[in-house]
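Participant: show me how the following folds:
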Amino acid sequence: MDKTNFLFAVHNHQPVGNFDHVFEEVFQKSYRPYFEVLRKFKSIKTAAHFSGPLLEWFKQHQPDFMKMLADLVAEGRVEILSGGFYEPLLSILPEEDAIGQIQMMNDFIFQEFKVSPRGLWLAERIWTAELPKIIAKTGIEYTILDDTHFYYAGLDSQEISGYYITEKQGFPLKIFPIKRELRYKIPFSLPEETITLLRQAREDHGCSAMTYADDGEKFGSWPETYQWVYEEKWLEKFFTALEANADAITTLTFSEYLDAHPPMGRVYLPNASYEEMMEWSLNLSMSVKFKQLKETLTERGIPEQDSALFLRGGQWDNFLTKYDESNRLHKKMLWVSRKVHLMKKIHPQAEKARQELYRGQCNCAQWHGLFGGLYLNYLRHALYQHLIAAEKIADDFLGNSGTMEIADYDLDGHDEVIVSNSNMTAIIAPAKGGALVELDYKPACFNVSNVLRRREEAYHSKIRSAGNEASGHDEQPKSIHDQVKFKEDNLADYLYFDRWERHSFQDRMLSMETTLQQFKQSEFQELGDFIDGEYSLTPPSAETAKDQSVLSLPMKRRGNVAGQELLIDKNFEFSKEAARIDVHYRLTNPGDKVLQFVWAVEFNFTLLAGDAEDRIYKVPGQTLTDNRMNSEGELEQIESLALCDGWFQFQCQLSFSQPTNLWRFPVETISQSEDGFERTYQGSCLLPFWTVELAPSASQDFSIAVELLDYK
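Facilitator: Model prediction:
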């Protein structure tokens with residue numbers, strides 16, 4: 001009887017921007033023990049992928065581990081897989097960057113392990129039709145995808161084994177399908193169950209090869225797995241069982257299998273990822289409908305494998321519409337990439353700019369599913385930090401200082417205004433209420449406007465229905481997909497959802513009765529239509545046009561407040577050198593009735609940490625009893641306020657031409673992560689407000705300045 005060829009791979013990754021102690025903890029719980037166990041079993045052959053951030057960390061902090069890997073590679077027991085070095089989604093990159101990321105990884109592998117990789121790990125197994133051409137250009141022969149992709153292409157489960165070949169415009173690529181059943185069994189079921197599945201695959205279906213490939217962190221660092229995998233010796237038992245069943249099962253590297261076996265056939269796969277990713281990418285209403293449809297099909301007795309042939313969720317790119325913050329990160333990357341590629345390759349800083357750009361392309365902070373991802377402010381910050389660093393280098397080369405550009409920056413069909421000097425980049429969106437949507441302080445490579453909107457997610461229903469009760473303990477660990485855990489009590493009490501994106505210089509009109517708590521909980525009435533209304537650009541006045549020290553951006557909107565007309569002139573003035581923005585407002589009542597309302601200008605800024613002693617508010621002449629960024633309350637009749645960051649050593653200062661009362665509160669989201677549901681500080685909302693009473697044809701002027709400065 002022919003044997004089942006078992007192709008086994010682990011994918012190991014930590015995102016750009018993750019904390020050093022996380023790298024260390026996962027290394028000790030997962031990466032080191034896994035390969036130490038594997039080293040004992042001389043007959044077991046497997047494959048492994050390590051992302052660039054991990055490889056750089058290993059090389060710096062764990063050189064002995066790198067040597068152990070190199071020895072296993074030299075012995076032919078481990079095949080190292082390539083990939084985009086900083087774990088980008090290749091399908092959303094400019095082609096030059098996608099190829100560059102793979103080549104960077106190929107070069108690193110050859111330098112450290114003395115082999116040229118033949119296979120590639122595709123981040124999040126996100127597949128699009130043009131990838132064979134891109135990947136083949138780097139010399140890579142194969143990749144690994146979920147069997148889900150093959151179901152969507154119309155293949156039956158019994159046809160999915162070995163590998164298939166595809167192409168794009170004559171560029172070939174071989175693809176191994178990952179068995180979903182194995183992905184859910186390993187390491188959560190007893191080893192005997194996996195052995196039985198592998199034996200039956202050949203005996204019942206004539207399966208030539210079965211592929212398992214999934215996160216290496218499942219082996220020790222996912223919740224409850226360390227005890228199961230190592231202390232209770234699941235991994236040793238599994239490898240022992242493989243050796244004991246060598247009469248029916250053999251382990252090979254992917255390259256060995258390729259060299260000995262022809263493809264199962266030719267296949268063309270649709271755009272897809274693994275099943276969970278495609279469901280996570282759906283918006284809230286579609287996600288609910290999708291779950292209901294799957295439940296209905298199950299109740300009607302339709303096997304899941306049959307429904308999977310034709311039923312699927314969205315695609316990864318839906319995250320760019322589901323989360324505006326994800327889209328802004330992506331478009332920032334594209335904007336910076338164009339600048340970096342305008343640099344001459346012989347420029348001494350060109351390679352540094354390219355590496356910073358590539359680091360800013362790491363995928364983890366651009367989406368959200370089971371892991372924190374986009375909801376983790378420090379991961380988003382890390383991408384901005386590297387992208388801003390790359391942009392600084394490119395701007396120095398290109399001479400972009402004190403410039404103003406008008407372009408559809410975020411590709412929403414409306415122009416934005418991008419202002420840049422040596423100390424800041426500011427992006428204004430006239431079509432989004434004339435708001436400031438990005439403000440970068442270049443000396444610190446810090447985007448202070450990186451604040452995530454509070455949205456309702458499909459899993460919030462679990463928080464409401466579970467009663468905040470911790471899940472029980474089972475003898476075998478549950479898959480991370482099946483756990484419901486809470487990192488703190490009463491999370492349902494913090495479920496507030498925003499109706500608008502969290503930008504700055506957002507113009508609001510409120511009733512006199514609106515309270516801080518109503519505003520914080522998004523339970524107030526917006527009287528005006530300026531918050532997301534479109535402002536039109538107007539020519540600068542002759543006076544401002546003569547001022548050579550500033551770039552002027554005047555705009556206006558004729559809108560409504562509680563059914564009455566209001567005209568707002570809003571003139572941005574950007575320093576050509578300092579990180580300073582002055583905004584001059586004129587509110588005019590063009591009607592024949594008195595207008596009375598509370599006028600407020602909303603700001604949303606972040607210093608990343610809500611409860612840190614080195615991230616604080618300062619108000620001249622006042623001593624705040626609670627001055628941390630997660631504090632809330634009302635400040636009365638202030639003329640300025642500073643958000644001071646002792647860690648990154650800068651401050652963001654707001655100044656007002658007229659004394660103002662100001663509300664402040666933390667913007668906190670409730671999201672799921674591998675450790676359970678958690679509350680995350682995203683930033684702070686600041687709302688200065690004034691009572692306005694305008695007689696017919698009367699006007700009132702206000703000015704507000706935002707300045708970023710060094711702070712020590």
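Participant: domain assignment for the chain?
Facilitator: Here the domain parsing of the chain from automatic domain parsing is 4-273, 315-400, 460-710.
Participant: mean pLDDT lowest for which of those?
Facilitator: Sorting the domains of the chain by mean pLDDT places domain 460-710 lowest, at a mean of 91.
Participant: just say helix, strand or coil for Thr428.
Facilitator: Thr isn't right for residue 428; it's Ile. State at Ile428, reduced to three classes by DSSP: H, G, I helix; E, B strand; the rest coil: strand.
Participant: next: the one 10 residues further on.
Facilitator: Using three-state DSSP, the secondary structure recorded for Glu438 is strand.
Participant: report how many residues lie close to it.
Facilitator: Under the neighbour criterion other CB atoms under 10 Å, Glu438 is assigned a count of 23. Where C-beta positions appear, they are placed from N, C-alpha and C, glycine not excepted.
Participant: with Lys712 instead?
Facilitator: 7.
Participant: quick revisit: and of the domains of the chain, who's closest to Gly301?
Facilitator: Gly301 lies closest, by CB to CB, to one member of those: domain 4-273, at 17.4 Å.
Participant: how far does the closest one sit from the chain's center?
Facilitator: 23 Å (CA atoms, centre = their mean, to the nearest Å).
Participant: what is the burial count for Met210?
Facilitator: Met210: 26 surrounding residues under other CB under 10 Å.
Participant: who does it form a beta bridge with?
Facilitator: Counting by DSSP bridges, Met210 forms beta bridges with Phe6.
Participant: tell me the contacts of it?
Facilitator: Contacts for Met210 (CB atoms under 8 Å, 6 or more residues apart in numbering) come out as Thr4, Asn5, Phe6, Leu7, Ser161, Lys179, Leu182, Leu197, Leu198, Ala201.
Participant: picking up where we left off before, which one of the domains of the chain lies closest to Ala429?
Facilitator: Across those, Ala429 has its closest neighbour in domain 460-710 (7.4 Å, CB to CB).
Participant: Ser673 and Ala600, how far apart?
Facilitator: Distance check for Ser673 against Ala600: by CB to CB, to the nearest Å, it reads 34 Å.
Participant: those two - which one has more neighbours?
Facilitator: Ranked by neighbour count (other CB under 10 Å), Ser673 and Ala600 place Ala600 first, with 21 against 18.
Participant: I figured that one hits Leu687, correct?
Facilitator: Yes: counting by CB atoms under 8 Å, Ala600 sits close enough to Leu687 to count as a contact (5.1 Å).
Participant: could you report the neighbour count for Asn604?
Facilitator: The local packing of Asn604 (other CB under 10 Å) involves 25 other residues.
Participant: how about the helix or strand hosting it: buried residues?
Facilitator: Asn604 belongs to strand 595-605 when assigned by DSSP states H and E. By neighbour count on 16 or more other CB atoms under 10 Å, the buried set for strand 595-605 is Leu595, Phe597, Val598, Trp599, Ala600, Val601, Glu602, Phe603, Asn604, Phe605.
Participant: right, and the helix or strand after that strand?
Facilitator: Next along from strand 595-605, by DSSP H and E: strand 615-618.
Participant: what residues does that next one touch?
Facilitator: 607-609, 624, 627-629, 631, 641-647, 651, 664.
Participant: counting by contacts, list what the helix or strand that that strand is followed by packs against.
Facilitator: Downstream of strand 615-618, the first helix or strand assigned by DSSP H and E is strand 633-645. Contacts defined by 3 or more CB pairs under 8 Å, 6 or more residues apart in numbering; DSSP states H and E place strand 633-645 against strand 615-618, strand 650-673.
Participant: Throw these into CSV and include distance to Val26, thanks.
Facilitator: Output for these, formatted as CSV (distance: least, CB to CB, whole Å):
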stretch, distance to Val26
strand 615-618, 27
strand 650-673, 14
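Participant: would you mind saying which of those strands lies nearest Thr166?
Facilitator: Closest approach to Thr166 among the helices and strands packed on strand 633-645 is made by strand 650-673 (34.4 Å; CB to CB).
Participant: note down every partner strand of that closest one and its orientation.
Facilitator: With DSSP bridges as the test, strand 650-673 is paired with strand 633-645 (antiparallel), strand 676-694 (antiparallel), strand 699-710 (antiparallel).
Participant: tell me the most buried of the ones you listed?
Facilitator: strand 676-694 (a mean of 20; mean count of other CB atoms under 10 Å).
Participant: work out the gap between that one and the centre of the chain.
Facilitator: Put simply, strand 676-694 sits 23 Å off its chain's centre (CA atoms, centre = their mean).
Participant: just the angle between it and strand 595-605, please?
Facilitator: Calculated by axes from the mean of the first three to the mean of the last three CA atoms, to 10 degrees, strand 676-694 forms an angle of 140 degrees with strand 595-605.
Participant: isn't Pro539 up against Pro554?
Facilitator: Yes: the criterion here is CB under 8 Å, and Pro539 meets it with Pro554 at 7.1 Å.
Participant: neighbour-wise, which of the two wins?
Facilitator: Neighbour totals were compared for Pro539 and Pro554, and Pro554 leads with 18 against 9 (other CB under 10 Å).
Participant: confirm that one sits in a helix?
Facilitator: No: secondary structure assignment places Pro554 outside any helix; it is strand (three-state DSSP).
Participant: ok, it to Pro590 distance?
Facilitator: According to CB to CB, Pro554 and Pro590 sit 18 Å apart.
Participant: likewise Glu299?
Facilitator: For Glu299, the distance to Pro590 - CB to CB - is 61 Å.
Participant: more crowded one of these two?
Facilitator: Counted by other CB under 10 Å, Glu299 and Pro590 do not tie: Pro590 has more neighbours, with 15 against 8.
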